[in-house]
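**Student:** Let me see the structure of the following:
(4 chains)
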Protein chains: 2
Amino acid sequence: MASARQPAHPILTPERARIIAERFRVLGEPMRLALLHALQAGERSVGELVTATGAGQANVSKHLQLLYHQGFVERRKEGVTAFYRIADPHVFDLCEMVCGGIQEGLRTKQRAMTEV
Amino acid sequence: MASARQPAHPILTPERARIIAERFRVLGEPMRLALLHALQAGERSVGELVTATGAGQANVSKHLQLLYHQGFVERRKEGVTAFYRIADPHVFDLCEMVCGGIQEGLRTKQRAMTEV
DNA sequence: CAACTAGTCAACCATCAAGTTATATTTAGA
DNA sequence: TCTAAATATAACTTGATGGTTGACTAGTTG
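**Tutor:** Numbering: from 1, shown residues only, chains lettered A, B, ... in the order given. Next comes the predicted model:
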């Protein structure tokens, strides 16, 4: 085990905490996750995302702005149509890690329930 | 490269999106990140966390409840004192991934600014 | 130019969530 | 038992946010 020596945890200044939290918060919204998921298969126009998610157009547009300004998606304009795409596929690694954490939590609860 | 064949992305049902978003949302709050960070060095009582973060006692307690019910921290009661600890150190991997994404985003912007 | 289409923006409302204050609960100790 | 300490909970206030509606912008087409 390497637990004898405490790892030097990087200091979390309030400013850093704020920035990191902001990014987490953007992912903490089902609709935005749905948009990212829809974009996982490739570039999509706003209209396509509207039909894919069943949400209102203005709503989709607003969420896309948030994702855009946080750097999660990129934008391309073609005529009157706007196409969005994933900026960094690593987002999905994040999601999978969260899923793993959820499943781990469930396993822990399961163990707790089946204990003697 | 394995990009020729599209990976079969797991389906994101609304229910799954809601659960995943809920977890992200818990991390999307500076105070809760500060609490997790304070716990990174080891188990702490509520009082210790109050002085460590400078927040109100009731506030800290409430955030701890959230972290607890989402399975991010575990709890131990000793007399009248409650000790909290990190349930799964993988949370910090998540945070570091987010930091990486932030830095990557900044690099991208930097490149965009220094382009011809 | 008029009509249409795709998307963004602004205003509004309802809901939610963070923080505070006060109160309840539980345990230790005089 | 009475008190004090540590924590949890309830009630409340206030600011943030998701969703909708409607106006506005900019291309496209007749």
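**Student:** now the angle from the longest helix anywhere in chain A to helix B:90-114?
**Tutor:** Using DSSP state H, we find that the single longest helix of chain A is helix A:90-114. Angle, helix A:90-114 to helix B:90-114, by axes from the mean of the first three to the mean of the last three CA atoms, to 10 degrees: 170 degrees.
**Student:** List the buried residues of helix A:90-114.
**Tutor:** For helix A:90-114, a neighbour-count test (16 or more other CB atoms under 10 Å in any protein chain shown) marks A:91-92, A:94-95, A:98, A:101-102, A:105 as buried. C-betas here are computed from N, CA, C, even on glycine.
**Student:** How far does it sit from its chain's centre?
**Tutor:** Using CA atoms, centre = their mean, to the nearest Å, the distance from the centre of helix A:90-114 to the centre of the chain it belongs to is 16 Å.
**Student:** Give me the packing partners of that helix, helices and strands only.
**Tutor:** The contact analysis (3 or more CB pairs under 8 Å, 6 or more residues apart in numbering or on different chains; DSSP states H and E) places helix A:90-114 against helix A:14-27, helix A:30-40, helix B:14-27, helix B:90-114.
**Student:** One more pass at 7 Å, please.
**Tutor:** helix B:14-27, helix B:90-114 (3 or more CB pairs under 7 Å, 6 or more residues apart in numbering or on different chains; DSSP states H and E).
**Student:** Any idea which helix or strand in chain A has the lowest mean pLDDT?
**Tutor:** helix A:90-114 (a mean of 84; mean pLDDT, DSSP states H and E).
**Student:** so what's the residue nearest the centre of chain A scoring on pLDDT?
**Tutor:** By CA atoms, centre = their mean, chain A has its centre lying nearest to residue A:27, at 3.7 Å. Reported pLDDT at residue A:27 in the predicted model: 98.
**Student:** Kindly report the same for residue A:71.
**Tutor:** pLDDT, residue A:71: 94.
**Student:** who touches it in this structure?
**Tutor:** Neighbouring residues of residue A:71 by CB atoms under 7 Å, 6 or more residues apart in numbering or on different chains: A:87, B:105.
**Student:** re earlier: out of the helices and strands packed on helix A:90-114, which gets nearest to DNA strand D?
**Tutor:** DNA strand D sits nearest to helix B:14-27 of all these, at 8.7 Å, using CB to the nearest atom of the strand.
**Student:** Got the phi and psi for residue A:81?
**Tutor:** When read as degrees, to the nearest 10, the backbone of residue A:81 gives phi -100, psi 140.
**Student:** How about it: which residues does it bridge to?
**Tutor:** Beta-bridge pairing for residue A:81 (DSSP bridges): residue A:78.
**Student:** What does the pLDDT read for it?
**Tutor:** Confidence score, pLDDT, at residue A:81: 97.
**Student:** okay, now it: neighbour count?
**Tutor:** By other CB atoms under 10 Å in any protein chain shown, 11 other residues sit near residue A:81.
**Student:** picking up where we left off before, turn the buried residues of helix A:90-114 into a markdown table, columns for distance to residue A:46.
**Tutor:** Conversion of the buried residues of helix A:90-114 to a markdown table gives the following (distance: CB to CB, whole Å):
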| residue | distance to residue A:46 |
| --- | --- |
| A:91 | 19 |
| A:92 | 21 |
| A:94 | 24 |
| A:95 | 22 |
| A:98 | 27 |
| A:101 | 32 |
| A:102 | 31 |
| A:105 | 36 |
